[in-house]
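Visitor: Requesting a structural model of the entry that follows:
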Amino acid sequence: MGTLKTIDWYFQGGNGLGIQLAELREGELQRSNPRDRFGPRLEMVNETTLRIKDLEMDDSGKYSIRVKFTSAQYKDYNFHLSVYEPVPEPKILSQIVSNSPDGCNVTLQCEVPGKGEINISWKRGDALRDLEDGSKSYHLSGNDKDLHLFWKLNSSDPNITCLVTNPADQKSISFNLQHICQTEGDCQLTFVVELLTWSILIIFFVILLLLAGFGIKTWKTRRTMPTNKAASMMATEEALLEPQYS
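Guide: Here you go, the predicted model:
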């Protein structure tokens, strides 16, 4: 094909408009419009390679390359670039629907702020296994954001995880179903424990009040005793000083 002559770079964005990015000729970078949307972010790495720094969302699109040779022949290459934002931090909202002796019906909602191309999936356990294990009854709604689940109390995997991904990033958050799932027996036991705790605290508080009252009374008694004794002694002295008649 002959010796390499030039390499022309073109870009076509989502709006369908195409621009010529640059031309690499004899080891030099030539820009047809240095003030285009790429500006100083576009630089030459070597005689055949361009680099775009600080990628932006609007850099997504079709990039075309035409390699020209001194023999007047050429080759065209095309590739697509997709730029993704980091996945935002998800949050799980829980709502218990009903309790039974065997387990509870729960609705978990995975909230993801912002917009963008993301995928939401639900996993179980610490090893992030799929939900399809035959021991749980569930279904999804709201574009997979809402998980409606029946969780058995004898299950060994109380942790449910919302996994949020895009082609460039992923984040997850877990929720322990034991925090909200209780049978009627568990609720009664919890009520009894709380009642006993409050009863003990009240009794302890009453004892403290009685001890404080007894202490104050003792202190007052001891404080008035010297005064009464002094009054008694003064009365005795006055009786001795009075004239005695027979």
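
Visitor: Kindly tell me how buried Lys152 is, as a neighbour count.
Guide: Using other CB atoms under 10 Å, Lys152 has 15 other residues around it. Every C-beta, even on glycine, is put in place using the N, C-alpha and C of the backbone.

Visitor: low pLDDT regions in this protein?
Guide: Low-confidence segments of the chain (pLDDT under 70): 133-136, 182-195, 223-246.

Visitor: switch to 80 and redo it
Guide: Applying pLDDT under 80 to the chain flags residues 1-2, 114-116, 127, 132-136, 153-156, 182-196, 198, 213-246.

Visitor: correct me, but Leu147 touches Thr107?
Guide: Yes - using CB atoms under 8 Å, Leu147 is in contact with Thr107, at 7.1 Å.

Visitor: Next, show the common contact partners of those two.
Guide: Taking CB atoms under 8 Å, 6 or more residues apart in numbering as the contact rule, Leu147 and Thr107 have no neighbour in common.

Visitor: And those two? Which one has more around it.
Guide: Shown here are Leu147 and Thr107; by other CB under 10 Å, Leu147 has more neighbours (23 against 14).

Visitor: doesn't the more buried one fall inside a strand?
Guide: Yes - using DSSP: H, G, I helix; E, B strand; the rest coil, the assignment for Leu147 is a strand.

Visitor: Residues in a beta bridge with it, which ones?
Guide: In this entry, Leu147 is beta-bridged to Leu108, Leu140, by DSSP bridges.

Visitor: Helices along this protein, start to end?
Guide: Listed in chain order, the helices of the chain (DSSP state H) span 184-241.

Visitor: now the strands: where do they sit in it?
Guide: Per DSSP state E, the chain carries strands over the ranges 4-12, 18-25, 28-30, 42-46, 49-52, 61-69, 74-81, 91-99, 103-111, 119-124, 137-141, 146-152, 159-166, 169-176.
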